[in-house]
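Asks: no sequence on this one, just coordinates:
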C-alpha cells in the first residue's frame, strides 16, 4: 500500500516489531534496497540507501548505529565509513554521501517516504 502526500510516496515497509531494537533491516521498494533503522536508544527511526558508496556493497542495513556529537550515524560493517542518518553526509571527511528518507510509524507499521522527484536509487 502506498499513498502520496506533499510529493512523497509513503510505502508500508514492514511492521515495527520486525525491526530489531537498535538495529536495522533491508527492505525493498520496487527494485531498490533501503536500510531501515530502529534507533531505540533515541526513540527514533531512520532510513537510507542500503548501498555503501565506498565499495558499492549493499551493507548499511547491517551496520552499527550510534551517535557522533549528538548526530545519529551508521557505520558500514565492512569499511567503517560513517554516515549521518539525518543528512547522509560522510562523517569521516570523505566526499561520498548516502541518500536518506523520512520515516513514520503509524498503528504498528513503519512507512518510508520516497520523494516523487527521486528516480531509482543508486544501483
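Replies: That came through fine. Quick caveat, the model's predicted, so the values are computed rather than measured. Residues are numbered from 1 along each chain as shown.
Asks: hey, let's count contacts and neighbours off CA atoms from now on
Replies: Noted.
Asks: Isn't residue 26 up against residue 32?
Replies: No. Residue 26 lies out of contact with residue 32 (Cα atoms under 8 Å); the separation is 9.9 Å.
Asks: which of these two has more neighbours?
Replies: Between residue 26 and residue 32, counted using other Cα atoms under 10 Å, the more crowded position is residue 26 (22 against 15).
Asks: just checking, the more buried one is part of a strand?
Replies: Yes. Residue 26: assigned to a strand according to DSSP: H, G, I helix; E, B strand; the rest coil.
Asks: Now do the same contact list for it.
Replies: For residue 26, the contact set (Cα atoms under 8 Å, 6 or more residues apart in numbering) comprises 33-36, 50, 61.
Asks: buried sites along stretch 90-105?
Replies: 90-91, 97-103 (16 or more other Cα atoms under 10 Å).
Asks: Report the residue spans of this protein with pLDDT below the cut-off.
Replies: Low-confidence segments of the chain (pLDDT under 70): 1-6, 117-123.
Asks: Where do the helices of it begin and end?
Replies: Applying DSSP state H to the chain gives no helices.
Asks: okay but residue 115 is in contact with residue 7, surely?
Replies: Yes. With contact defined as Cα under 8 Å, residue 115 reaches residue 7; the gap is 6.0 Å.
Asks: With distance to residue 76 as new columns, can the buried residues of stretch 90-105 be given to me in JSON lines?
Replies: Below are the buried residues of stretch 90-105 laid out as JSON lines (distance: Cα to Cα, whole Å):
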{"residue": "90", "distance to residue 76": "11"}
{"residue": "91", "distance to residue 76": "12"}
{"residue": "97", "distance to residue 76": "12"}
{"residue": "98", "distance to residue 76": "11"}
{"residue": "99", "distance to residue 76": "14"}
{"residue": "100", "distance to residue 76": "15"}
{"residue": "101", "distance to residue 76": "18"}
{"residue": "102", "distance to residue 76": "20"}
{"residue": "103", "distance to residue 76": "21"}
